[in-house]
Structure formats: C-alpha cells, structure tokens
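# Fold the stuff below for me.
(chains A and B)
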Amino acid sequence: MKNILGKDIPEQIQGYKVVKPFQGAFVDLGEIKKKEVSLKNVMPGEEKVLLSIEEALKKCDIKDGMTISFHHHLRNGDYVLNMIIEEIAKRGICDIKIAASSIFPVHAPLVEYMKTKVVTGIYANYISGPVAEAVSKGYLKHPAIMHTHGGRARAIESGDLSIDIAFIAAPTCDTYGNINGVEGKAACGSLGYATSDALYAEKVIAITDNLISYPACPIEISQEYVDYIVEVESIGDPKGIVSGTTKVTKDPVGLKIAKMTSQVIEASGLLKNGFSFQTGAGGTSLAVAAYVKELMKKNEIKGSFAAGGITGYMVEMFEEGLFEGIFDVQCFDLKAIESYKNNKKHQGMSASMYGNPHNKGAVVNNLDVMILGATEIDVDFNVNVTTGSDGMIMGGSGGHSDTAAGAKLAMVVTQLVKGRLPIVVDEVTTVTTPGETIDVVVTERGIAVNPKREDLIEKLQKTNLPIISIQDLKKIAENMTGIPKKIQKHDEIVAIVEYRDGTIIDTVKRVKD
Amino acid sequence: MERLRRTMLFMPGNNPSMLQNSGILGADSIILDLEDAVSITEKDSARILVRNAVKNIDFYDTELVVRVNPLSSDFGMEDVDVIGRAKPDVLMIPKATEEDIEMVCEILTKIEEEEGFEKGSIKLFPLIETAYGVENVYSIIQSSTRIIGILLGAEDLTADLSIKRTREGKEIFYARSKIATACRACKVDAIDTPFADMDDLEGFVADIQTAKSLGLTGKAAINPRQVDTIHEVFAPSKEEITHAQRVIYAMEEAKKEGKGVFSLDGKMVDAPIITRAQNTIIKAKLAGLI
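Predicted coordinates:
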C-alpha cells in the first residue's frame, strides 16, 4: 500500500505491529485508554537499593524477548545503556528490544550484540554513529522503529510501545528512589525524556553514581515509580554529556541565513509581546536566536516562552527578561543546567508535555516559531533528517516533526549546498517530517514559502527579502552541483520512520555495501 | 547608472567554498585575491581556480574584481592574461604605477580583440600602497579610462613610509585625503583600506566614519562580517535622503513638462547630481531607511 505521501508501505513488516500508513499530520487520533501498569505494594522497611545490576535484573525477572528502555540525557557520555546490555548478555539472555530515546556513537558495543542476536530490536528517536551504520546495513533482526520525541511518549503512554524494564540514568538518587538531574558529577539538568518510561514501564530501575540519603530534593522522578536502585561508579562522562559553551556561528553564510530568518520572523507578524520560540543548539540556530534577541530588544518585546533542548544562549535571553519562562526537556550546557536548578521559571517538561500529539495539549501547540534543520528538503517541503547522502541513518526526527506540526511558523534553515550536495531536491531520500507542516525554507540564496501559506507569502512580498519558489531554489542548487545519482538500495526494510501519531511516514531500506 | 561601491570584500582565491559563496555575502563588490591571500606555492592553482570561478559561478549582482599579483612579480603578467580572458568586471592592480596601468591596458586591449569582448569593458582598480602611488595618484587615474576607482592599501603604504600603522590611523590622513580628492576630481570611487581587528567594533566604526568624513566613498572588507557595519556607516543621512528625493521629484516633474534642464532651490541640477541622488536613494533603500 501507499501512504498519503505516495511512499510504498508493505502490508506487513516482520517484527512490527499493525502497519498504519501515514494519512496526514493532523488526523483525529480518537479516544483511547492509557496503558495499564502492574503494581504491587512495597512494605514498610523494604529496601530498594540493590548491590548490583545483576541482582536488579534478577529481581525484575529479565527474560528473552523483553523490551528495556533508556533515555539520552547523558548523550554521548552515557555509560548506562552499555553496562546494562553487557550484564544482560552475560546472563545469556537474547532477543532484547532496546527502547532508547536516542542512541549515540558511545553506544557502539550494541553493534556486536545486534550481530549475536542479544539485541534484535531498537526503538529510538535519533540514532547516530556505529549503531546507525549497523542498522542501515541490516545487522538488526527486526527493523528499527524511529519515533519522534512526542511520538515516543505517545507510544509508551498508549501501550504501542510496552516497556518491561526502564533504566533511569540518575545523576542523583536517594535510597528510596527519588531522582533529580541537577546534582552529582553527571548532572545533566532536566530528565524530560525519561518521564514516560518511569510512569509506564512495568519495572523501573534507577542507576546512579550519586546515591544520597533520603530525600533527594528537588525530585524530578519520584519514589512511587521506582522499583530498585543500583549504585555504580559512574553513569557517564561529563565531557560527553554537556558542552561547556554553545556558540553562535561565525560562518558568514550561516550568519546570512540566520539574519534572513530573523527578518522573516519579523515580517510574519509573530514577533510581538507573548512571542514563543524554539531553536536548536547548532551555530546557525543560535545565530537566529542572536538576531531575534536584537529585534526583541530593539522593539521592546516581552516573549512568553522558549522551549525544547535548552542552551546557555536561550538562558541568557530569558535572564535578560525577553521570555517569561523556559520549558526544558533537556539541558545542552552547564549554563542551562545551572539555570534549571536555580530558577523556578525555568520549568522542566516531559517529552509528552513537549510533543505528544495524543495528550491534553503539548507545548509545541503553543509555539509561534520553530527553527529546524534539514539534511534534504524536497519540492513538496518534506524534510529528511533521518538519512544522509549515502543512504545511511545519521539521525532522526527527535523533536523535528513534533515542533513542525505544532508551531505557527516552522522554518527550515539550511545552506542550499552542503559538501557539494544540493539540499533542495525533487524527492527526499527519507521523509521524516511532512511538508504540510513546514512553512518556510531559508537558504543563503533565497527563501521559499510553502504555497499553502498564502498569508505569509503576501507579507513577505512586501519586504526586500529574496522570495522564490522552491522549484527555483532547487534549480539554483542543481546548477551548482548537478543532480546526484540515486543511492542504490536493497528492498529489505531496516528502519521504519513513524510519524508522531504512530503511522508509518516512510521506511529506510538496506544500503548496498 | 554607476554602481554602488560601499564595500569591496576580499575573498581568498584559493578557497573553493568561499569563492562559491562570495556572491551572496552582501558586499557591493568582491575581490577574489591572487596576491596576499595565496602562498607562493599555490599561485598557479589559485589562478586556475579563480579563472574557473569567474567563468562558472553566479555572483548575482555583485561586482567581480580579481586582484592579480604585482606586475613586477613572476605571476602578475600571466594573472592578467589568464584572468582577463575569463572576463571579470574589474582587475585590481597592486602597487600600481602609470607604466603598470599602460602595460595592463595593452594586454587587455589585445584580449578584448581576440576574445570578442567589448573594447574597454574590463575595468581597472589600481591599489595605491606606496609613497610613489600616493604622490602620483591623480596621474595614475588619468593613465587609463578603464580606471573606475582607487583602493588605498595602508599596510604596505606605512611599511613603505617606515611608519607605524595605528588603530586611529592618523598616519594615513594625508593618503586618504589625497586619494579622496584625486578620485573626486576624476569622478572615480575612492575606497578606504581595510580594518584588521575583527574584535574591535568601536575602533572599526570610528575608522569607517573617519574615511567617510574625508571623502572616501567606500571601504574594503577582509571579513564578510564587516560588510553590514560598513553599509550602516555609509548609509545616507536623513537630510541627504530628503534632498535626493526632492532632486528625483524635480527631475520627474521636469521630464513631464518636457524640460531638459531644471533647477532646485535656485541651483541648476545636472547629470552628476541626479546620479548622486539616485545612488543616495539606492543606498537608503538597501539600508532599510526608506
């Protein structure tokens, strides 16, 4: 069958639940019940702190075929996923499904476990490094399921993704299972991606390197959800967890794109009191923030909130009074962690609160402007952030699709040509985010507006900004680079790209060696 | 109509990605550099790269200038011949003398004939960066009708004078004034020397203001991030904009009435005044002032 974007979707995919083709970004998801979670009582005097991971696995009755989950606040510094899977493999367990909110190069040991069938399935919102390469080459038994941040929370809450054991990497945990991310040597700030796991997994194990006496206030994930606690020497390398600073780009092309982006935001009419904004941690994204900051100051605009993964730069804007508050699902640097710890208006949010399309309203629904990246964008404005020019998986949606759907103005900012490759193409290799949710693409050589945004086109035509059609943008790119040949792939599906509502928006086929 | 030349941005001639993007950086002119930016071992490869860039890359409306090596060097003559055949808008000639200009003109005339280019279509921009150049700037400009402007190169000039280059730039007051005056007399552009310290925004703005106040018409930039600041300082004042608007209005009214010659505030308005008014309006529009 084909989904609404014309992508071929098999009726059945081995190792995957019921296939539901993508029908559009704003389909009514109906009324459902949340997943039930087994409970048993904990008697007064019972100990939760266990001596080893081995003991915790035994207590949770780890078995072949189970789904275990992880969250990625420790990013490329994470030790927890590797230590757990190593322990599981030692016990001779196999056919494990890993539901990690993101997978990084540090998780390379998974590749070997994929080959030996200890791990046969992966659910993730973002995969980079050796694991992404191994999945792309077909080393994983079942196709990897690529979620969005909000879609993962939705899948967990609805029971589409049922977690047997959730492992919470806890920078600080007390002896009764209260967890926070603001203290400890692996402090990472908000633990927003772990919330759904803690609430809906059958068993929850906190892994900490900062076990403190009761209570560990402030509490981010509380004792009522945590079954066991294991103390280890280290849960992660702080160097891989946070960068000391995140900086605005000095690249002149990046700066030009950022400046034009800020001019589009200004012309859109959204930049007024109550303005809400999200941008990433990359140099160009931060440059957009820098130009927006200038405009807000010049026009004395008091914004409502900044959201998402939070950088020191957004904190600076907040501290200068440009926003009333911050919604933080993940801290990107030390300054963000410090602010999250000390400022009550720097509010944590769960991935569900952030972007789940099937709850009582996500933060993304209140976003005015979202700044997004793209590996490729096609003439229908569909965006690929999942696969690279070699057809390999090199990322994934993360919050891309969630924020694009929610924001009033979803802007893709990108160089038109990267590494000799055109970024605007006829058809993206993999659709991550549907074009109907993308409003504008800003490149150094022109700005293309989605034709459905007639209101915006009208506003932008009154400015000096270089507004051109996306087809023309594509032609400019191709004039510079030529048209690259299509990547040759096998028919075998190695990954399924799920839209935030759980439908299949695209698949990734196995790359040829 | 004459071009706006508020900024002339240097781009190294040996960096493909920078060459590719140089037309979109907002400068009025870009100078693809074969001289100081290119080490001696890369002179030939940069020449080929720049030639191909001139031929193939779209620089949009940006004026395309190529700075060749000094004619006295081992590379200058070949630069002129190879690059001239790719037909950039302008060649910039370092440490220019009258003889250099004559020699270049001879080669260019030959190239234009052989390649079928319009005669005199490749323009010249002498770089004045020696004591000789400063003292003879008027006669250098007069040595060819191809010359459309002068760039002051203060680093080499102060080296030639054995004096220290300073942040305030008092030492180049004479050179700036002399060049500005000679250029105005010959109706060509006078472009100021670049400012090197990217971290000193205050000093940079003051430096541009000084150049503008002495009659220089634009400034060279060595980093794309300098372009906006230069444009801001060179943006016309409110009074200049109002005056320009009145000139244009008077011109349109005169046209309607079929008058060839007209006056404003009792003064006759001639072609250079109209051109200047039109440029002022363009500058004001580009700076977002109207």
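# which residues touch the closest residue to residue B:136 other than its chain neighbours?
Spatial nearest neighbour of residue B:136, chain neighbours left out: residue B:98 (7.0 Å); criterion: C-beta to C-beta, 6 or more residues apart in numbering or on different chains. Quick note: C-beta positions are derived from backbone N, CA and C, even for glycine. With contact taken as C-beta atoms under 8 Å, 6 or more residues apart in numbering or on different chains, residue B:98 is in contact with B:136, B:139, B:140, B:143.
# Would you reformat these as a markdown table and include pLDDT?
Converted to a markdown table, these look like this (pLDDT from 0 to 100):
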| residue | pLDDT |
| --- | --- |
| B:136 | 98 |
| B:139 | 98 |
| B:140 | 98 |
| B:143 | 97 |
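# between those residues, which is nearest chain A?
In terms of C-beta to the nearest C-beta, no member of those lies closer to chain A than residue B:140, at 32.6 Å.
# and the helix or strand where that closest one lies, what does it pack onto?
For residue B:140, the host element (DSSP states H and E) is helix B:137-142. Applying 3 or more C-beta pairs under 8 Å, 6 or more residues apart in numbering or on different chains; DSSP states H and E, one finds that helix B:137-142 contacts helix B:98-115, strand B:123-128, strand B:149-152, helix B:173-186.
# Would you convert the ones you listed into CSV that also reports distance to residue A:410?
Output for these, formatted as CSV (distance: least, C-beta to C-beta, whole Å):
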stretch, distance to residue A:410
helix B:98-115, 50
strand B:123-128, 45
strand B:149-152, 45
helix B:173-186, 50
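# Export stretch A:84-95 to PDB, keeping only CA atoms.
Provided in PDB are the C-alpha atoms of stretch A:84-95 (Å, rounded to 0.1, in the frame of the first residue of the first chain):
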ATOM      1  CA  ILE A  84      23.100  -2.900  31.300                       C
ATOM      2  CA  ILE A  85      23.200  -4.700  27.900                       C
ATOM      3  CA  GLU A  86      26.600  -6.200  28.800                       C
ATOM      4  CA  GLU A  87      25.200  -7.600  32.000                       C
ATOM      5  CA  ILE A  88      22.100  -9.000  30.100                       C
ATOM      6  CA  ALA A  89      24.400 -10.600  27.600                       C
ATOM      7  CA  LYS A  90      26.400 -12.200  30.400                       C
ATOM      8  CA  ARG A  91      23.300 -13.900  31.600                       C
ATOM      9  CA  GLY A  92      22.700 -15.500  28.200                       C
ATOM     10  CA  ILE A  93      19.500 -13.500  27.600                       C
ATOM     11  CA  CYS A  94      18.700 -12.700  24.000                       C
ATOM     12  CA  ASP A  95      16.100 -11.200  21.700                       C
END
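# Residue numbers of the stretch 1-150 of chain B in contact with chain A?
B:20, B:21, B:24, B:25, B:26, B:57, B:58 (C-beta under 8 Å from any C-beta of the partner chain).
# Let's have the residues you listed in JSON lines, adding distance to residue A:205, pLDDT and neighbour count.
Shown next, in JSON lines, are the residues of the stretch 1-150 of chain B next to chain A (distance: C-beta to C-beta, whole Å; pLDDT from 0 to 100; neighbours: other C-beta atoms under 10 Å in any protein chain shown):
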{"residue": "B:20", "distance to residue A:205": "53", "pLDDT": "91", "neighbour count": "18"}
{"residue": "B:21", "distance to residue A:205": "51", "pLDDT": "92", "neighbour count": "22"}
{"residue": "B:24", "distance to residue A:205": "53", "pLDDT": "93", "neighbour count": "22"}
{"residue": "B:25", "distance to residue A:205": "54", "pLDDT": "93", "neighbour count": "23"}
{"residue": "B:26", "distance to residue A:205": "56", "pLDDT": "91", "neighbour count": "19"}
{"residue": "B:57", "distance to residue A:205": "58", "pLDDT": "92", "neighbour count": "18"}
{"residue": "B:58", "distance to residue A:205": "59", "pLDDT": "90", "neighbour count": "12"}
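# Tell me which two of those residues sit farthest apart.
Using C-beta to C-beta, the two most remote members of these are B:26 and B:57, lying 16.4 Å apart.
# got the buried residues for the helix holding residue B:140?
For helix B:137-142, the neighbour count (16 or more other C-beta atoms under 10 Å in any protein chain shown) marks B:137, B:138, B:140, B:141 as buried.
# For the second one, give me its contacts.
So the one you mean is residue B:138. B:182, B:185, B:186.
# cool, the last one as well?
By C-beta under 8 Å, 6+ apart, the contact list for residue B:141 reads B:126, B:147, B:150, B:182, B:183, B:186, B:188.
# Let's see that with 10 Å instead.
Shown in contact with residue B:141 (C-beta atoms under 10 Å, 6 or more residues apart in numbering or on different chains): B:96, B:98, B:101, B:124, B:126, B:128, B:147-150, B:179, B:182-183, B:185-188, B:190.
# so residue B:174 touches residue B:134, yeah?
Yes. With contacts defined as C-beta atoms under 10 Å, residue B:174 counts as touching residue B:134 at a distance of 7.4 Å.
# Tell me the residues that contact both of these two, please.
By C-beta under 10 Å, 6+ apart, the residues touching both residue B:174 and residue B:134 are residue B:161.
# of these two, who's got more company?
Counted by other C-beta atoms under 10 Å in any protein chain shown, residue B:174 and residue B:134 do not tie: residue B:134 has more neighbours, with 21 against 11.
# That one belongs to a helix?
Yes. According to DSSP: H, G, I helix; E, B strand; the rest coil, residue B:134 belongs to a helix.
# Provide a list of residues in contact with the residue nearest to it when sequence neighbours are not counted.
Closest residue to residue B:134 apart from its sequence neighbours, by C-beta to C-beta, 6+ apart: residue B:175 at 4.8 Å. By C-beta under 10 Å, 6+ apart, the contact set of residue B:175 is B:128-129, B:131, B:133-135, B:137, B:152-154, B:157-158, B:161, B:169, B:192-193, B:214.
# one more time with 7 Å
Contact analysis of residue B:175 by C-beta atoms under 7 Å, 6 or more residues apart in numbering or on different chains lists B:134, B:152, B:157.
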